[in-house]
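> Here's a sequence, model it:
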Amino acid sequence: MKIKSFIISIITLFVIWVLLNHRLTPEVFISGAVVAFAVGLIFCNSCDIFNDLKLTPKAFFYSFLYILVFLRELVKSNFDVAKRVISPKLPINPGIVEVKTKLKSKLGRMILTNSITLTPGTFTVELLDDRIFIHWIDVKSENIEEDTNMIVRKFEKYLEVIYG
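This is a model prediction of the structure:
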């Protein structure tokens, strides 16, 4: 068992438990701790998803920055898609593009692909090793490097520090 993943899993499960209960009474605290520990013990035998997570002050700071960048991109892309819906004369050029990522960790890649999918106008279709296939509402380039710079790099530079 990977101790780091086990401990992070227990903490994550406990925090979710407390948030779902909306209070921190002794009963909620004790039952949450017991359940989180039991679930972690049962399901974390081969759990290695959190091993690449860095628990440093720099990683926490970059996590905060990442959330801000994600929210900015989310708002920008929502306005872009809304503009396309309201004004159907705006040209769209939908297609699937291939981009590359430098991220090595499973969790970092998962967060990257989910961030891309949650941003309106893009949808992650498939992840194969370091290549990501994305459906894009307005393909601006057929060049992998240009597409990667437009879609992936803004998220990736923060995720590299957090997940390696």
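
> Go ahead and measure how far stretch 93-110 is from the middle of the chain.
Mean-position distance between stretch 93-110 and its chain equals 11 Å (Cα atoms, centre = their mean, to the nearest Å).

> can you give me the mean pLDDT across it?
Averaged across stretch 93-110, the pLDDT comes to 88.

> Likewise for stretch 149-163?
The average pLDDT within stretch 149-163 is 88.

> which other residues reach it?
Contact partners of stretch 149-163, identified using Cβ atoms under 8 Å, 6 or more residues apart in numbering, comprise 52-54, 58-59, 62-63, 65-66, 69-70, 73, 97, 99-103, 105, 107-108, 111-112, 115-116, 122, 132, 134, 136, 140-141. In this view, the C-beta of every residue, glycine as well, is placed from N, C-alpha and C.

> Can you name the residues that contact Ile96?
Residues near Ile96 by Cβ under 8 Å, 6+ apart: Val125, Phe133, Ile134, His135, Trp136.

> Of all the residues you listed, the one with the weakest confidence?
Across those, the smallest pLDDT goes to Trp136, namely 88.

> number of nearby residues for that residue?
Using other Cβ atoms under 10 Å, the number of residues around Trp136 comes to 21.

> domains of the protein?
3-43, 57-163 (automatic domain parsing).

> So which of those domains is the most surrounded?
Comparing these by mean neighbour count (mean count of other Cβ atoms under 10 Å), domain 57-163 comes out on top with a mean of 16.

> Show me the residue at the heart of the chain, geometrically.
The chain has Ile111 as the residue nearest its centroid, 2.0 Å off, counting by Cα atoms, centre = their mean.
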